[in-house]
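Asker: could you look at this predicted model? Sequence included:
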Amino acid sequence: MAQADQGVKVLVIDDSKTIRRSAETLLSKAGYDVITATDGFDALAKIADSRPEIIFVDIMMPRLDGYQTCALIKNNTEFKATPVVMLSSKDGLFDRAKGRIVGSDRYITKPFSKDELVGTIETLVARAGTEDAAVH
């Protein structure tokens, strides 16, 4: 299955260099094209330029947090279908609910594993692909 996912663009938004590097390493080894951003503002420019197929966004970030970033992505008609996965060190019901309200497609608790990241990408990008095929 990993072969079919070659070239899938993944954006990882996190203010932690360690988390960005960890996700980038895990996903690059799995064959994904990884772009990273340090915060929501940085990410918005990169989304427009690179058009990722899936976005992972940390909740707790300075300036523009993950909820605000997700809401901005989902409110943009061009990118509202792009899956957004919230990353958080907290596994609370409130955080999950708030993520759903702003339009996130999934919620992953840090620290994450390669299997969690890859499995999420395979599920959400494959799902988006079948929805696109059904529409056209």
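Answerer: In hand now; what should we look at?
Asker: give me the low-pLDDT residue ranges for the protein?
Answerer: 1-6, 127-136 (pLDDT under 70).
Asker: can you map out the helices along it?
Answerer: Chain-ordered helices for the chain, with DSSP state H as the definition, fall at 17-29, 40-50, 66-74, 93-101, 114-135.
Asker: got TSV for these, with distance to G7 too?
Answerer: For glycine as for every other residue, the C-beta is placed from the backbone atoms N, C-alpha and C. Listed next are these as TSV, based on distance: least, C-beta to C-beta, whole Å:
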stretch	distance to G7
helix 17-29	12
helix 40-50	12
helix 66-74	21
helix 93-101	28
helix 114-135	11
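Asker: so which of these is the most packed in?
Answerer: Ranked by mean neighbour count under mean count of other C-beta atoms under 10 Å, those are led by helix 66-74, which reaches a mean of 22.
Asker: what sits up against stretch 42-50?
Answerer: Outside stretch 42-50, the residues that touch it by C-beta atoms under 8 Å, 6 or more residues apart in numbering are 9, 11, 13, 35, 37, 52, 55, 57, 69, 72-73, 79, 82.
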